[in-house]
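In: Need a 3D model of the following:
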Amino acid sequence: MKARPAIVYSVLRLLAFLVPFGLMMLVPILREFYWLAAIFAALIGLSLSIIFLRRPLAEATAGLPAGGRRERQSVDDAASEDAVLDAASEDAAAETTASETTASETRAAETTAAETRAADDRTATDNR
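Out: Below is the predicted model of the structure:
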């Protein structure tokens, strides 16, 4: 970003506030209510800058990167996605070693579960 357009725009914005404020301070009633003069001057300055300072604003912001924050975020997103994929591959490797149990152990677990359910059913019918 070049400094000159930003300085020109800043000076013009200050003038858009200070000139109306100075003129209002010449009015005796607004000299007493200086805070009201400051509010009016700010509104007038904002209006003037929106209407007349479009080109200096465009020149001042021309050198700014369009999506600086988005670029940094995409780098962070890529790193986090890599971390998630690494964790998923580690989990898959752990599941593979865990699933290498023998078929007899699986059948024994199923038999034990079936026996437990049958015992619970018998207890439930006895309690009725």
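In: now do the same end-to-end measure for stretch 41-61.
Out: End-to-end distance of stretch 41-61 (C-alpha to C-alpha, to the nearest Å): 25 Å.
In: Mind listing what's buried along that stretch?
Out: Across stretch 41-61, burial judged by 16 or more other C-beta atoms under 10 Å covers 41, 44-45, 48-49, 53, 56-57, 60. Quick note: C-beta positions are derived from backbone N, CA and C, even for glycine.
In: Just send these back as a markdown table, with pLDDT, secondary structure and distance to residue 117 too.
Out: As requested, the buried residues of stretch 41-61 are arranged in a markdown table below (pLDDT from 0 to 100; DSSP: H, G, I helix; E, B strand; the rest coil; distance: C-beta to C-beta, whole Å):
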| residue | pLDDT | secondary structure | distance to residue 117 |
| --- | --- | --- | --- |
| 41 | 96 | helix | 83 |
| 44 | 96 | helix | 82 |
| 45 | 96 | helix | 80 |
| 48 | 94 | helix | 82 |
| 49 | 94 | helix | 78 |
| 53 | 91 | coil | 79 |
| 56 | 90 | helix | 80 |
| 57 | 90 | helix | 75 |
| 60 | 87 | helix | 76 |
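In: can you tell me how far residue 63 sits from residue 6?
Out: Distance from residue 63 to residue 6, counting by C-beta to C-beta, to the nearest Å: 9 Å.
In: Please identify which of the two sits among more neighbours.
Out: residue 6 (17 against 11; other C-beta atoms under 10 Å).
In: nearest spatial neighbour of the more buried one, skipping sequence neighbours?
Out: Nearest residue to residue 6, sequence neighbours excluded (C-beta to C-beta, 6 or more residues apart in numbering): residue 60, at 4.5 Å.
In: Surely that neighbour and residue 12 touch.
Out: No. Using C-beta atoms under 8 Å, residue 60 is not in contact with residue 12, being 9.9 Å away.
In: That concludes my questions; thank you for your assistance.
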